[in-house]
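# Sequence first, then the predicted structure:
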Amino acid sequence: MPVNIRTIAISAAALGVLGYLVYRSEDATTRKPVANKVTVLYWEKWTGDEAQKMRRIVNNFNASQDRIFVKMLSISGVADKTLLAASGGNPPDVAGLWDTQMTQFKDAGALTDLAPLAKEFGIKEEDYIPGYWKLMSPGGTLVAFPTTPASTALHINKKFLKPGEEPPKTLEDLDAFTDRISKVNNGKVELAGFLPAEPGWWNWGWGYWFGGKLIDGDKLTVNSPENIRAFEWVLSYSKRFGVRETQNFQSGFGNFSSPQNPFMSEKVASVMQGVWMANFIDLYNKELPWIAVPFPLPKDKQHLKGMNFIAMDTLVIPTGAKHKREAFEFIAFVQRQDQMELLCSTHGKNSPLVKVSEKFFNTHLNPYIRLFDELARSPNAAYIPQIGIWPQMDSELKNAFTEINLGTKTPKEALDAAQARLEPQWRRYQQQVMNKSITTAEAQP
Amino acid sequence: MKSEARIAYLFAMPWILGFLTFLLYPVLASFFYSFTDFSVLRPPRFIGIENYKEMVQDEVFWMTIRNTFTYVVAAVPLSATVAILLAMLLNTKVKGLAFYRTLFYVPSLVPMVALGILWLWIFNGEHGLLNMSLEKLGMSKPPNWLGDPAWSKVTLVMIAMWGSGNAMVIYLAGLQDIPQSLYEAADLDGARLVAKTRHVTLPMLSPVILFNVIMGMIGSLQVFAVPYVMFPNGAPARSTYFFTTYLFDNAFRFQRMGYASAMGWVLFLITLTLTFVALRMSERQVHYDRS
């Protein structure tokens, strides 16, 4: 093949252009400056409608001043990508994550301590409902601010309550309600009054209704008597309908966000759900007659009144973010009562702030918004354990839940096994990530 | 260096750079990380062979090994058998052959995630096409394919056969390479279909079978997308928790890149050993045309 200087020059030029494009691509696609403004790059997990509603807040911020431009991008798998981007030294300035990741990310050194900036901007702990503040500050370090929070309650299809019948007040009432209305025909479950496995998002936490915890101080308490009792209650439901029958019944459920959602398609008469449920009912089955009540507690645990699960979506500033101050200015804007109420009402959530306007309650889509607000403020409100091995704990508890429901292990066996697997992982995490020295006594299984 | 060689290297440079940056460096780095405690953001901390020692005692690790091997042992021979049978059928002279070849090949082009969603509905215990058909055929309690640990791996093995199209095309090429004279000689000897298949087709196809089995084995050891979509968290009861799923969880959910890297190297060694064993064991069974 004849080779000349011209060919080499063209090839070298092509490689040069390619190299330049690769070098500039990051700026071109993610941080293109807008008319002398500082561009704050914001990665958000939400997509679709929820992202559009957040975009309104972003637009409000961009219109409110002329120094900063927040560029919001909907990113799938935002947590992994934020982590990897941070490790590569090029993270977004703001990331929208979940509360479940806060402790692990904080321990990994992935999040900026926001306390100094919060102080400077006059944002105080007293502004927030205490449970949410705890979620924002895993291990006492303020690393996140809420976008939208949530609390949970029992949602009941009113059709299945007799005229004038009170909704279940205790767990035993809920069991009786389930026994009364459930329908099993020819070995096939057609209607379940309640199923602990639906929607399955809080399978790890049934022990809290019985006074249990998963971690007490530094000690894992997965197999505590309260948790074992809770899982025995869970087991009573698969025994009630039959293991195989329950599995088949559940496999016919559609996605949560669809008209085939078992509550909306009236296959399950009552379900524990978050404040957002009203939005989905409005979207998929407007005619569904429903009420929300505090999820009932066992008769002997009535002192835990107000117990419910709270959670929240968060805004964080990853370590290594280029425009921390500007990023926090945006976060502080989202925390303003008017913006927060706008976001939470459009998302169908309660507000994380102590101060809530009457207009928020009166115009909210969820007719039970005051109940959800009250539940969020309850001193008995619970949230996922703030422990860096939460993903492992979640995985073990999900597995234990399935094994118990399948009848392959008793609740005690399954929870003992989970505890035994988690203990060494927790010790290793404390040593390797938290740099804690473990004494010989603590190291004993 | 000759100028032709220089220009050749220049054109190959993008690939060479890509190989060095995106393959060789990560492979070497993962070997180093496998001896460290590494959570992505913190600098890796050397811990010697701790990750490998932990693996020996990790019962979930062994469970994923068992699950993966069970899957490989069932899926690879079955898929190969189905692909060979299809190729033999498509090697006959029937009308509309091109259409049938396309028909059987197309499923292997469906993206894995889409495939997972599709099969979720086919295997659905309550409303699935499969169980509805079985009920129509008189089976009163068809299996719960997705919810019962006894059936979940069977479900995945059945799905694996769906993607036999790729192997089928290779077998078909192999079949068409067999000299017609061998079949004519067999005909003269009075051989029927079974005898011809046993004494002509399979021996002549054996190098292709070996290639496909090894590729199938490597692919099955790395099974990930379909179980990840269909059986989150390895449900039910970790019966579909495979090696690569656990590796992924360690890397990205548990932020244990060091442990995940060590698992990656163990998988590499397993794959290497099995390939070596398959090659050694096949020496007497595989017939190469050395003419």
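Yes, it's here. Numbers count the residues shown, from 1 in each chain, chains lettered A, B, ... in the order given.

# drop to CA atoms for contacts and neighbour counts, all remaining ones
Noted.

# Which strands and helices lie in contact with the lengthiest helix in chain B?
For chain B, the longest helix by residue count, based on DSSP state H, is helix B:59-90. Judged by 3 or more C-alpha pairs under 8 Å, 6 or more residues apart in numbering or on different chains; DSSP states H and E, the packing partners of helix B:59-90 are helix B:97-105, helix B:149-162, helix B:165-176, helix B:202-221, helix B:243-248.

# what comes up buried for it?
B:60-61, B:63-69, B:71-72, B:74-76, B:78-84, B:86-88, B:90 (16 or more other C-alpha atoms under 10 Å in any protein chain shown).

# Skipping adjacent residues, who's closest to residue B:239 in space?
residue B:149 (5.5 Å; C-alpha to C-alpha, 6 or more residues apart in numbering or on different chains).

# dump the residue contacts of the one you found.
Residue B:149 sits next to B:235-237, B:239 when contact means C-alpha atoms under 8 Å, 6 or more residues apart in numbering or on different chains.

# Among these, which one sits closest to chain A?
residue B:237 (5.4 Å; C-alpha to the nearest C-alpha).

# Can you tell me the SS state at whichever residue of the stretch 101-250 of chain A sits closest to chain B?
With C-alpha to the nearest C-alpha as the measure, residue A:248 is the residue of the stretch 101-250 of chain A nearest to chain B, at 5.0 Å. Here residue A:248 is recorded as helix under DSSP: H, G, I helix; E, B strand; the rest coil.

# what's around it, how many residues?
Residue A:248: 23 surrounding residues under other C-alpha atoms under 10 Å in any protein chain shown.

# Is it in contact with residue B:125, as I believe?
Yes. The criterion here is C-alpha atoms under 8 Å, and residue A:248 meets it with residue B:125 at 5.0 Å.

# Give me the pLDDT value at the residue of the stretch 101-250 of chain A closest to chain B.
Predicted confidence (pLDDT) for residue A:248: 83.

# Tell me who's in contact with it.
Applying C-alpha under 8 Å, 6+ apart, the residues near residue A:248 are B:124-126, B:144, B:147.

# pLDDT weak spots in the stretch 101-250 of chain A?
By pLDDT under 70, the stretch 101-250 of chain A contains no weakly predicted segment.

# Just the ones in helices from the contacts of residue B:149, please.
Per DSSP H, the subset of those in helices is empty.

# Throw the helices and strands packed on helix B:59-90 into JSON lines and include mean pLDDT, thanks.
Shown next, in JSON lines, are those (pLDDT from 0 to 100):
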{"stretch": "helix B:97-105", "mean pLDDT": "87"}
{"stretch": "helix B:149-162", "mean pLDDT": "92"}
{"stretch": "helix B:165-176", "mean pLDDT": "92"}
{"stretch": "helix B:202-221", "mean pLDDT": "94"}
{"stretch": "helix B:243-248", "mean pLDDT": "96"}
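
# which of these sits most buried?
Mean neighbour count (mean count of other C-alpha atoms under 10 Å in any protein chain shown) peaks for helix B:243-248 among those, with a mean of 22.

# Report all helices and strands that that helix contacts.
helix B:59-90, helix B:257-281.

# Arrange these in CSV, one row each, with mean pLDDT as further columns.
Listed next are those as CSV, based on pLDDT from 0 to 100:
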stretch, mean pLDDT
helix B:59-90, 95
helix B:257-281, 96
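
# Switch those helices over to CSV; also include distance to residue A:214.
Shown next, in CSV, are the helices and strands packed on helix B:243-248 (distance: least, C-alpha to C-alpha, whole Å):
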stretch, distance to residue A:214
helix B:59-90, 21
helix B:257-281, 25
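
# closest to residue B:27 out of these?
helix B:257-281 (9.2 Å; C-alpha to C-alpha).

# Where do the domain boundaries of chain A fall?
A:29-150+A:310-377, A:158-309+A:386-432 (automatic domain parsing).

# could you dump those to CSV with distance to residue B:190?
Shown next, in CSV, are the domains of chain A (distance: least, C-alpha to C-alpha, whole Å):
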stretch, distance to residue B:190
domain A:29-150+A:310-377, 64
domain A:158-309+A:386-432, 54
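
# Residue A:8: which of the helices and strands packed on helix B:243-248 is closest?
Using C-alpha to C-alpha, these put helix B:257-281 closest to residue A:8, at 40.2 Å.

# and the angle from the closest one to helix B:202-221?
Interaxial angle, helix B:257-281 versus helix B:202-221 (axes from the mean of the first three to the mean of the last three C-alpha atoms, to 10 degrees): 170 degrees.

# Pull out the buried residues from helix B:257-281.
Neighbour count says helix B:257-281 has B:257-265, B:267, B:271, B:275 buried, by 16+ other C-alpha under 10 Å.

# is residue A:183 in a bridge, and if so with what?
Beta-bridge pairing for residue A:183 (DSSP bridges): residue A:191.

# And it, how close does it get to residue A:371?
31 Å (C-alpha to C-alpha, to the nearest Å).

# and of the helices and strands packed on helix B:243-248, who's closest to residue B:180?
It's helix B:59-90; of the helices and strands packed on helix B:243-248, that one is closest to residue B:180 (C-alpha to C-alpha) at 14.3 Å.

# That closest one vs helix B:149-162, what angle?
Using the same axes, to 10 degrees: helix B:59-90 against helix B:149-162 is 40 degrees.

# tell me the angle helix B:59-90 makes with helix B:165-176.
40 degrees.

# Residues of the stretch 51-200 of chain B that sit close to chain A?
B:124-127, B:144, B:146-148 (C-alpha under 8 Å from any C-alpha of the partner chain).

# which one of those has the most neighbours?
Neighbour-wise, these (other C-alpha under 10 Å) top out at residue B:125, 28 neighbours.

# Wasn't it part of a helix?
No. Counting by three-state DSSP, one finds residue B:125 to be coil, located in no helix.

# Would you check that it makes contact with residue B:141?
No. Using C-alpha under 8 Å, residue B:125 makes no contact with residue B:141, being 9.8 Å away.

# residues from chain A in reach of chain B?
A:1-3, A:8, A:11, A:80, A:83-84, A:86-87, A:108-110, A:244, A:247-249, A:251-252, A:389, A:391-392, A:395, A:398-400, A:402-403, A:432.

# ChimeraX command for the buried members of these?
To isolate the buried ones among these in ChimeraX, judged by 16+ other C-alpha under 10 Å, type:
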select /A:83,84,86,87,108,109,110,244,247,248,249,251,252,389,391,392,395,398,399,400,402,403,432
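
# So residue A:182 is in contact with residue A:193, correct?
Yes. Between residue A:182 and residue A:193 there is a contact at 5.1 Å, judged by C-alpha under 8 Å.

# hang on, the earlier thing: now render the buried residues of helix B:257-281 as CSV, adding distance to chain A.
Formatted as CSV, the buried residues of helix B:257-281 follow (distance: C-alpha to the nearest C-alpha, whole Å):
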residue, distance to chain A
B:257, 12
B:258, 12
B:259, 12
B:260, 14
B:261, 16
B:262, 17
B:263, 17
B:264, 19
B:265, 21
B:267, 22
B:271, 27
B:275, 33
